[in-house]
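Engineer: Only the shape, not the letters, is given here:
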């Protein structure tokens, strides 16, 4: 805990100096992108909205290692009428990875990434002349985002956890058990054989989670509505050979850091109950009804013991772990509520 506190304190001394706020006229649009010095390295940050005076939303991407910046114009373009949206390629991911690739043996830690995320939030508030932001994290981003919200609640109007991950052991057990049950019921002998071969978690083979996740995507697709294919067409600047190589290398690096070579990665130490259940800001969970990876029941048990100024638990029918139109619509509705409550 002392090490974690020291990292968070270091954030205050590592922010870039902002001589002038970017939003002098709140009615003007904003469209910025570039590298920002964050805790010793330059990290990729984009800011876009139709009115820079709108509420600011910081998005914490999943993976780890899967930035949303290449696709943000497709997924979140309509939100830019109501929000100024900040995206950030995390340490070890995407453009940030390409700027400063970590050594293969350089560890990625939850403490460091939490400190980075808080530094990005501090940068955005200073740069845009705001006191607080809305914070949204999805999948891996929910693991990181909720740590940020719990550590520095005064920075955020509210936290929205999308397909919120709660605790490594409980999530993995529920994921495996339900997935195996589904493929057995469907008579998918190949999937059954693969799941039985890797066995129940905890997994010590880094390939095991990837095998289960590929099967999961097929199973969830049968019960959920697909996202538009156009969503996954990257913006032109993200289609260069260098970026594609950096994205893939960052994804590989971050995945190993997440699962570990022997099941001893970041995920193995993740447990929100140890972090605590008291929050000094509103907390909202948005879950996909057909999501097997972030189990609704596991999330509900934690949510029920949360103490917060306001909270809500939203379940989206025909939605799985990956985003689709219904899931994004539910997120947008929650964000509008949170923004209205913060006025």
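Structural biologist: Yep, it's here. Note that the coordinates shown come from a computational prediction; the quantities given were computed from them, not determined experimentally.

Engineer: how about the residue most central in space within the chain, what does it touch?
Structural biologist: With distances taken as C-alpha atoms, centre = their mean, the residue of the chain nearest its centroid is residue 141 (1.7 Å). Contacts of residue 141 were listed using C-beta atoms under 8 Å, 6 or more residues apart in numbering, and they are 59, 60, 61, 62, 63, 162. (C-beta placed from N, C-alpha, C; glycine too.)

Engineer: Helix or strand for it, just tell me which one.
Structural biologist: helix 140-151 (DSSP states H and E).

Engineer: picking up where we left off before, mind checking pLDDT for the residue nearest to the centre of the chain?
Structural biologist: Residue 141 carries a pLDDT value of 98.

Engineer: okay, now residue 339: neighbour count?
Structural biologist: Counted with other C-beta atoms under 10 Å, residues neighbouring residue 339 total 18.

Engineer: Just confirm it contacts residue 136, I think it does.
Structural biologist: No - using C-beta atoms under 8 Å, residue 339 makes no contact with residue 136, being 11.7 Å away.

Engineer: quick one: secondary structure of residue 287?
Structural biologist: Three-state call for residue 287 (DSSP: H, G, I helix; E, B strand; the rest coil): strand.

Engineer: now it: how far from residue 145?
Structural biologist: Distance from residue 287 to residue 145, counting by C-beta to C-beta, to the nearest Å: 15 Å.

Engineer: Likewise for residue 210?
Structural biologist: 23 Å.

Engineer: Quick one: residues contacting residue 133.
Structural biologist: Taking C-beta under 8 Å, 6+ apart as the test, what residue 133 contacts is 55, 56, 57, 58, 86, 121, 124, 125, 155, 156, 157.

Engineer: typo on my end, residue 259
Structural biologist: 203, 206, 209, 265, 267.

Engineer: With adjacent residues omitted, what lies nearest to the first one?
Structural biologist: So the one you mean is residue 203. residue 263 (5.2 Å; C-beta to C-beta, 6 or more residues apart in numbering).

Engineer: ok, the one you found - how many residues close by?
Structural biologist: Neighbours around residue 263, by other C-beta under 10 Å: 18.

Engineer: can you tell me how far the closest residue to residue 316 other than its chain neighbours sits from residue 151?
Structural biologist: Spatial nearest neighbour of residue 316, excluding adjacent residues (C-beta to C-beta, 6+ apart): residue 330 at 4.7 Å. Distance of residue 330 to residue 151, computed by C-beta to C-beta: 26 Å.

Engineer: circling back to that earlier point, state the mean pLDDT of the helix or strand just after the helix holding residue 141.
Structural biologist: The helix or strand immediately downstream of helix 140-151 is strand 156-162, counting by DSSP H and E. When pLDDT is averaged along strand 156-162, the result is 98.

Engineer: next SSE after strand 156-162?
Structural biologist: In N-to-C order, the element after strand 156-162 by DSSP H and E is helix 168-186.

Engineer: who's in contact with that following helix?
Structural biologist: With C-beta under 8 Å, 6+ apart, helix 168-186 has contacts from 165, 191-192, 195-196, 200-203, 212, 215-216, 219, 222, 267-271, 292-295, 297-298.

Engineer: now stretch 269-277
Structural biologist: Here stretch 269-277 has contacts from 110, 143, 146-147, 150, 165-169, 302, 305-307, using C-beta under 8 Å, 6+ apart.

Engineer: what do you get if the cut-off is 6 Å, keeping everything else the same?
Structural biologist: Here stretch 269-277 makes contact (C-beta atoms under 6 Å, 6 or more residues apart in numbering) with 143, 150, 166, 167, 168, 302, 305, 306.

Engineer: Tell me the span between the first and last residue of that stretch.
Structural biologist: 17 Å (C-alpha to C-alpha, to the nearest Å).

Engineer: for it, which positions count as buried?
Structural biologist: 270, 272 (16 or more other C-beta atoms under 10 Å).

Engineer: I'd like the average pLDDT over that stretch.
Structural biologist: On average, stretch 269-277 scores 96.

Engineer: do stretch 243-255 as well
Structural biologist: Rounded mean pLDDT across stretch 243-255 is 97.

Engineer: So what's the gap between it and the chain middle?
Structural biologist: 16 Å (C-alpha atoms, centre = their mean, to the nearest Å).

Engineer: Show me which residues of it are buried.
Structural biologist: Per 16+ other C-beta under 10 Å, stretch 243-255 contains these buried residues: 243, 246, 247, 249, 250, 251, 253, 254, 255.

Engineer: Excluding covalently adjacent residues, which one is nearest to residue 131?
Structural biologist: Residue 131 sits nearest to residue 125 (C-beta to C-beta, 6+ apart), 6.5 Å away.

Engineer: This protein: strands as residue ranges?
Structural biologist: Using DSSP state E, the strands found in the chain span residues 30-38, 41-49, 56-60, 84-88, 133-138, 156-162, 283-288, 311-316.

Engineer: what separates the closest residue to residue 140 other than its chain neighbours from residue 45, distance-wise?
Structural biologist: Leaving aside its chain neighbours, residue 140 sits nearest to residue 62 (4.4 Å; criterion: C-beta to C-beta, 6+ apart). Note on residue 62: its distance to residue 45, by C-beta to C-beta, is 17 Å.

Engineer: List the neighbours of stretch 91-103 that are in contact with it.
Structural biologist: 35, 41-44, 65, 67, 89, 108, 116, 246-247, 250, 253-254.
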